[in-house]
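A.B. asks: sequence first, then the predicted structure:
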Amino acid sequence: MISDGYIPPFSDVLNWDSFSVRVKVKDIANIKEILMGISPNQYKRLQRRVKQVQRHFVVNGPTKRFDIFHMTVHSIWLRRLNVRF
């Protein structure tokens, strides 16, 4: 994920650092070195974890538990709890 200050979707329930690699915009020139610096074990761990969370980004019809629809509703519900009137 190439970004500065970007808050990824569902970050209130998903630990993006456990299944993605963040690269700051200023470090784009070094992206090859950054990605090559990932050890084979860490790469396998990231790959395994991204497979675990991919169901949260799938559109199903009818909806299935933990799919994008449920994740969106859950995220809205969590934000609603944080709103102060």
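C.D. replies: Everything's here; your move. Residues are numbered from 1 along each chain as shown.
A.B. asks: point out where the chain drops to low pLDDT.
C.D. replies: 83-85 (pLDDT under 70).
A.B. asks: now do the phi/psi pair for residue 63.
C.D. replies: phi -60, psi 150 (degrees, to the nearest 10).
A.B. asks: residue 6 now?
C.D. replies: phi -80, psi 130.
A.B. asks: pull the number of nearby residues for it.
C.D. replies: Residues lying near residue 6 (other Cβ atoms under 10 Å) number 12. All C-beta spots, glycine's among them, are computed from the backbone N, C-alpha and C.
A.B. asks: do the same with the one 3 residues further on
C.D. replies: Neighbour count of residue 9, defined by other Cβ under 10 Å: 15.
A.B. asks: quick one: contacts for the closest residue in space to it that isn't next to it in sequence?
C.D. replies: Among residues not flanking residue 9 along the chain, residue 75 sits closest, at 7.5 Å (Cβ to Cβ, 6 or more residues apart in numbering). Applying Cβ atoms under 8 Å, 6 or more residues apart in numbering to residue 75 gives the contacts 9, 10, 12, 13.
A.B. asks: list just the nearest of those residues to residue 80.
C.D. replies: Nearest to residue 80, judged by Cβ to Cβ, of those is residue 12 at 11.9 Å.
A.B. asks: dihedrals phi and psi, the closest one?
C.D. replies: Dihedral pair for residue 12: phi -80, psi -20, per degrees, to the nearest 10.
A.B. asks: and the nearest residue to it once chain neighbours are set aside, what helix or strand is that in?
C.D. replies: Among residues not flanking residue 12 along the chain, residue 78 sits closest, at 5.3 Å (Cβ to Cβ, 6+ apart). Using DSSP states H and E, residue 78 sits within helix 68-82.
A.B. asks: thanks a lot, see you next time.
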